[in-house]
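*Asks:* mind folding the following:
(chains A and B)
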Amino acid sequence: MTFSMLRSVVAIGISACLYTTSVDAQLDPLSVQIQPRAQSSLLLDIANAGDKLVAVGQRGNVLLLDDNQWHQVATPVLSQLTKVFFFDDKQGWAVGHDATIIHTQDGGLTWSVQMQSAEIEKPLLDIRFYSPVDGIAVGAYGLFYRTADGGKTWQQEFHQELLFEEDIAYLNELKAEDEALYLSERASLLPHFNRLIRLKDRRLLLVGELGMVAVSSDNGQTFSKTNFDYDGSMFNAIEVGEDVYVMGLRGHVFKSDLTLSSWQEVDLPVQSSINSALINANNELYLVGNAGIVLSVDDGKATIVARRQGENIVAIAKDSKGQLWFAGSKGLFQLD
Amino acid sequence: MLEKLVNGFESHLFRNRKWVIISFIFITFFLGYQASQLKMDAAFSKNIPLNHSYMQTYTKHQKDFGGANSIMVAVEDTSGNIFNPVFFDALKNVHDQLFFIPGVERSQVKSLFSPSTRFTEVVEDGFAGGPVIPADFRNDDYGLKIVRDNIEKAGIVGRLIGNDYTSAMVSAQLMEFDPQTGEAIDTIAFANQLEQELRGKFENDQIKIHIIGFAKMAGDVAEGAKGVLLFFLIAIAITAVMVYLFSKSIMLTILPLMCSLIAVFWQLGLLTVVGFGLDPMSILVPFLVFAIGVSHGVQMINAVRRRVLDGQTTKAAAASAFRSLLVPGGVALLSDTVGFLTLLAIDIGIIRELAISASLGVAVIILTNLILLPLVISYFELPNKQDDPEKRQKIENIWRALSKFATPKYAVVVLISTVILYVVGFQQASKMQIGDLQGGAPALHQDSRYNQDTFFITDHFSITTDVMTVIVEATPEACTYHSVLTQIDQFEWMMANTVGVESTASLASIAKKVNAGFNEGNPKWEILPRTTASLVQAVGQVPTTSGLLNSNCSVMPVYLFLKDHKAETIEVVVDKVKAVAAQLNSDTLQFKLASGPVGVMAATNEAVSEAQLPMMLYVYGAVFVLCLISFKSLKATIAVIIPLYVVSTLAQALMTLLDIGLAVSTLPVIALGVGIGVDYGIYILSTMSNKLSNGMPVQQAYFEALVERGSAVIFTGLTLAIGVSTWFFSDLKFQMDMGILLTFMFLVNMLGAIIILPALSAMFWRKK
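*Replies:* As a prediction, this is how the structure comes out:
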């Protein structure tokens, strides 16, 4: 089964779905969230907030690393959080499923909801602010939101320029015939926007599904796709010195100079999806991915650092003491 | 009145003694034949409290999620690496052999070699996959390398392949009925086949076979229970020597032993008549029947011999002994019977069976040893040979010394020691644990092959046998509702965060993983999709054979894998399940305890600990009433009961010290111990109480009681203790536990009757 087929199944599902059951007896959300195993269960991202690390994951879980000790803080959501971003050591945002955006002003201690919409049934997958008030959140099926007021209000944008040409033609046809169907189809035709990074020259780089690697020079008003040969998903991107790496499905990592015009594949000794990357000392690149893979890439040569069985690694971060932390399907850990 | 009745009965019996004996012989032949038809019967359902609410849930869903009757065979390569042609040949042979053993559900045989063992990987345009062992598999280095890669992709390490790649698993489900013959599968025969066809054929220096599963355990337990026959012969031999030392006559040794064995035959034959089989636990009963029979037989020959020495003919002596022992012996045996019958109050099949077979057996002794024995003796001529007076003097000196316990001076010391013992014992007793305390199958020793196999498999695979299953009952197609799966997911999460729970599994958590699989294996999509279509797609990948849902997904179990099956662990988990379920339960969604091995244990533990107090109340109530009837004195009754109670407490303390938990097998021991232990006190005090009410000083009354009954009481205590002490050497852990506890109860109750009871009497009857 191909993913475009899957997608149409899902699309039909969205239009056909009605909530058939009433809300049943519920557990107290806070007691569901604050649990000892939060630290050793699915966590999907780690960000630096000043001296602290902030990790986010399933059930709206947020954990802070303070004095070498992780502790959990309460959040107002139970939706799975997929990404966390700090603009400075105080101001931070986390995004996740049910199009959730939560915000902190005190370095992650307390959180409030800025946006949440279970009806959209799509996750947000990344968020980035390029000034204290200007930010962009992106997600599945081309979900794209922009704020100019620090997240008090969010405006949805549709980036038609990232559609495939045949889809554009199809949509134009549909628009003339059936406005409603046009809107519902449009909502599922864009690829997943997995990761949005800001390069040192202030350009935005957006990577996503179906080999989408796009760049914007106008703070994301418009994107243009780069010349990228591979058509599998890209999950992450990182700027290292004069190079940019993008990484994704089945161990595919590509490297380009800052022109972003020609991508060279980096040979990896594994075929696991690569989820995240970090620059260690001396521009040494660490990659983490599914099947518990930790790789280091030095001078274009990748070597396996660790392989943790039965575990997917999704995030990697460095704490204030320079120690590496990892997050994934079995929570937070360090390498021995 | 009673005396007249007994006399009439006696003259009638003795006049027709030939016919009575002949009819006994006929009955013995009949019941002996019945006994030979007796079958070993180790049905699982007898061991569990079927009416407990957990077990009703268990029974209700047994068909869909039985799973309890599975067999796991781990094939180990002792060289430390399975990737070699010899091992793969062996594994394939084991797989094929298991497949063909009758009773195995062939569609459910799982191993590397089953076609259903496939790998799936995410590729750019969807999924790719195939069988882990490809159709063109060649058993050589090249072929093994492909298999090795596929194993990694299939994610079966820990389930079908040991975590350290030194072993691989073949698992199967056992059917209840043979599809060809339609008969119920004979678990024990099946276990023998596993032993012969798998272990016998394929185990060698390089390949080791480890087999676990209920059927294998039942087979090993039955095998271990066979050792009991040897113990029985040893018990007979030792008892024979003791009776000979006591009676100094070969004839008087053979007769009571023979009558007691007849009682055993009758008891076993009656089991078949009432439709019971012989269970590894109720094998205890023949030992008890034999020992109780012998001790009453010894009283009988003792009484006959004394009368012969007084100059009566053997026939007259036998008749007179019959007259004098029928009532006290009958009362003692009746009190044993009542003690056993109190066990009927416990709602566990096997304990009820024990209660019935033990009371049958004891009732039979009234016929064989109080009626048949004197009749048989009356045909013999006993020599009128007086005991050596010097020896008699020696024994009297012993009684004289013992009688000091009935003087106030010694009584105070005895009673103070008793109080200290009781206080210390009570503290220990209150720490007594409920349930099974050790890993592996509790019926078997830690070092038994079966438990060693269990430890091997739990060490090398991510598999534990300590599983509790919470059954989630909902409406048909409930698994397509996001809200239902979310609640199951939250329930599972709350349980995962419970002390003692190592890991969990449910349809909800698997569906999350499947959903991530549908999204390119991206962990960020490990969620329950809100869209029904996506949810159905994720859930649809989970087959009903996974045990995570039934065919219309109205029932979805949540599996809790615990760190052990100690009672305290189970209790914490059960309490948490109840608390979380109370918040989540609604008309359409119910979280119900419990299934799985630990679910059964939880129910059994609850039933056992709930039964303990009522059982003690019933036993002591029965003993109290019987004593009150026979002594017509509250003081005498209390003097008998206090030592019993102290000894019961000490027995519980012993359980704490020896790490024996209160379980189905040990629960009845205290009732049995009290029921039989009360005999000693009744014997001693019944001779004393007449003398005491006639104003005799306590010490003198006690001395005379000892002269008359002392040797019989001590002898009885020793015979009973020896009968059950052979169980120390049983291959079955619970038989050993029962043996230790019963030996303790029989011996110490005897000591209580000759030490604490006189001391109490010295206090109670001080003024006179």
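*Asks:* so stretch A:155-167, near chain B or not?
*Replies:* No - contact of stretch A:155-167 with chain B (Cβ under 8 Å from any Cβ of the partner chain) is absent, the minimum separation being 15.3 Å. Every residue, glycine included, has its C-beta placed from N, CA and C.
*Asks:* let me see the mean pLDDT of that stretch.
*Replies:* Stretch A:155-167 shows a mean pLDDT of 89.
*Asks:* ok, now stretch B:658-676?
*Replies:* When pLDDT is averaged along stretch B:658-676, the result is 86.
*Asks:* stretch B:275-287 now?
*Replies:* The average pLDDT for stretch B:275-287 rounds to 81.
*Asks:* give the buried residues for that stretch.
*Replies:* Across stretch B:275-287, burial judged by 16 or more other Cβ atoms under 10 Å in any protein chain shown covers B:Phe276, B:Leu278, B:Asp279, B:Pro280, B:Met281, B:Ser282, B:Ile283, B:Leu284, B:Val285, B:Pro286, B:Phe287.
*Asks:* save those residues as a markdown table, and put in secondary structure too.
*Replies:* Below are these laid out as a markdown table (DSSP: H, G, I helix; E, B strand; the rest coil):
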| residue | secondary structure |
| --- | --- |
| B:Phe276 | coil |
| B:Leu278 | strand |
| B:Asp279 | coil |
| B:Pro280 | coil |
| B:Met281 | coil |
| B:Ser282 | coil |
| B:Ile283 | coil |
| B:Leu284 | helix |
| B:Val285 | helix |
| B:Pro286 | helix |
| B:Phe287 | helix |
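*Asks:* how about the residue of the stretch 101-250 of chain A at minimum distance from chain B, what does it touch?
*Replies:* For the stretch 101-250 of chain A and chain B, the shortest gap (Cβ to the nearest Cβ) falls at A:Gly232, measuring 4.3 Å. Applying Cβ atoms under 8 Å, 6 or more residues apart in numbering or on different chains, we find A:Gly232 in contact with A:Leu210, A:Gly211, A:Gly248, A:Leu249, A:Arg250, A:His252, B:Glu124, B:Glu520.
*Asks:* report the separation between the spatially closest residue to the fourth one that is not a sequence neighbour and B:Glu568.
*Replies:* The spatial neighbour of A:Leu249 that comes closest, neighbours along the chain excluded (Cβ to Cβ, 6 or more residues apart in numbering or on different chains), is A:Gly232 at 3.7 Å. Using Cβ to Cβ, to the nearest Å, one gets 52 Å for the distance from A:Gly232 to B:Glu568.
*Asks:* next: B:Val338.
*Replies:* From B:Val338 across to B:Glu568, the span is 35 Å (Cβ to Cβ).
*Asks:* what's the answer for B:Asn84, then?
*Replies:* Taken as Cβ to Cβ, the span from B:Asn84 to B:Glu568 is 45 Å.
*Asks:* repeat that for A:Asp134.
*Replies:* Separation of A:Asp134 from B:Glu568 (Cβ to Cβ): 57 Å.
*Asks:* these two - which one has more neighbours?
*Replies:* Counting neighbours by other Cβ atoms under 10 Å in any protein chain shown for A:Asp134 and for B:Glu568 shows that A:Asp134 has the greater number, 16 against 13.
*Asks:* tell me who's in contact with that one.
*Replies:* Contacts for A:Asp134 were tallied using Cβ under 8 Å, 6+ apart; they are A:Arg146, A:Thr147, A:Ala148, A:Asn219.
*Asks:* tell me the pLDDT of it.
*Replies:* Here the pLDDT value assigned to A:Asp134 is 95.
*Asks:* and B:Val228, by the same measure?
*Replies:* We have a pLDDT of 81 for B:Val228.
*Asks:* do the same with A:Val9
*Replies:* Looking at A:Val9, its pLDDT stands at 35.
*Asks:* please apply the same query to A:Gln264.
*Replies:* A:Gln264 is given a pLDDT of 92.
*Asks:* same question for B:Lys768.
*Replies:* 46.
*Asks:* before we move on, what about A:Val253?
*Replies:* On pLDDT, A:Val253 comes in at 95.
*Asks:* secondary structure class for it?
*Replies:* At A:Val253 the chain is in strand, as set by three-state DSSP.
*Asks:* ok, B:Thr687 next?
*Replies:* Applying three-state DSSP: B:Thr687 is helix.
*Asks:* shaky segments in the stretch 251-400 of chain B?
*Replies:* The model of the stretch 251-400 of chain B has pLDDT under 70 over residues B:386-387.
*Asks:* now do the contacts for residue 180.
*Replies:* Since you didn't name a chain, this refers to chain A. Listed by Cβ under 8 Å, 6+ apart, the contact set of A:Ala180 is empty.
*Asks:* chain B was what I was after
*Replies:* Contacts for B:Gln180 (Cβ under 8 Å, 6+ apart) come out as B:Pro102.
*Asks:* equivalent analysis for the one 10 residues further on, please.
*Replies:* Applying Cβ under 8 Å, 6+ apart to B:Phe190 gives the contacts B:Ile101, B:Pro102, B:Gly103, B:Leu174, B:Ala215, B:Gly219.
*Asks:* find me the pLDDT at it, would you?
*Replies:* For B:Phe190, the model assigns a pLDDT of 87.
*Asks:* again with B:Lys409
*Replies:* Listed pLDDT for B:Lys409 reads 88.
*Asks:* who does the helix or strand hosting B:Val289 touch, helix- and strand-wise?
*Replies:* Per DSSP states H and E: B:Val289 is located in helix B:284-309. Helices and strands touching helix B:284-309, as assessed by 3 or more Cβ pairs under 8 Å, 6 or more residues apart in numbering or on different chains; DSSP states H and E, comprise helix B:214-247, helix B:250-273, helix B:314-341, helix B:349-367, helix B:373-377, helix B:667-693, helix B:711-725, helix B:733-751.
*Asks:* I'd like to check the angle between that helix and helix B:314-341, please.
*Replies:* Inter-element angle recorded for helix B:284-309 and helix B:314-341: 150 degrees (by axes from the mean of the first three to the mean of the last three Cα atoms, to 10 degrees).
*Asks:* and the residue of the stretch 301-450 of chain B that's closest to chain A?
*Replies:* Residue nearest to chain A within the stretch 301-450 of chain B: B:Gly439 (24.0 Å; Cβ to the nearest Cβ).
*Asks:* isn't that residue right next to B:Ser448, touching?
*Replies:* No - in this structure, B:Gly439 is not within contact of B:Ser448 by Cβ atoms under 8 Å, at 11.9 Å.
*Asks:* low pLDDT regions in chain B?
*Replies:* Low-confidence segments of chain B, defined by pLDDT under 70: B:1-2, B:41-44, B:66-69, B:122-128, B:386-387, B:767-768.
*Asks:* so how far is chain B from A:Val32?
*Replies:* The gap separating A:Val32 from chain B is 5 Å, by Cβ to the nearest Cβ, to the nearest Å.
*Asks:* how many neighbours does that residue have?
*Replies:* For A:Val32, the neighbour count with other Cβ under 10 Å is 19.
*Asks:* closest point of chain B to chain A, which residue?
*Replies:* Counting by Cβ to the nearest Cβ, chain B gets nearest to chain A through B:Ala533 (2.5 Å).
*Asks:* give me the element that residue is part of.
*Replies:* helix B:532-540.
*Asks:* tell me the residues of the stretch 551-700 of chain B that contact chain A?
*Replies:* Contact residues, the stretch 551-700 of chain B versus chain A (Cβ under 8 Å from any Cβ): B:Val580, B:Gln583, B:Leu584, B:Asn585, B:Ser586, B:Thr588, B:Leu589.
*Asks:* the last one is in contact with B:Gln490, isn't it?
*Replies:* Which is B:Leu589. No - look at B:Leu589 against B:Gln490 with Cβ under 8 Å: they stay out of range, at 11.5 Å.
*Asks:* can you report how many residues neighbour B:Glu492?
*Replies:* Using other Cβ under 10 Å, B:Glu492 has 23 other residues around it.
*Asks:* so what's A:Val244 closest to, chain neighbours aside?
*Replies:* Spatial nearest neighbour of A:Val244, excluding adjacent residues (Cβ to Cβ, 6+ apart): A:Ser256 at 5.4 Å.
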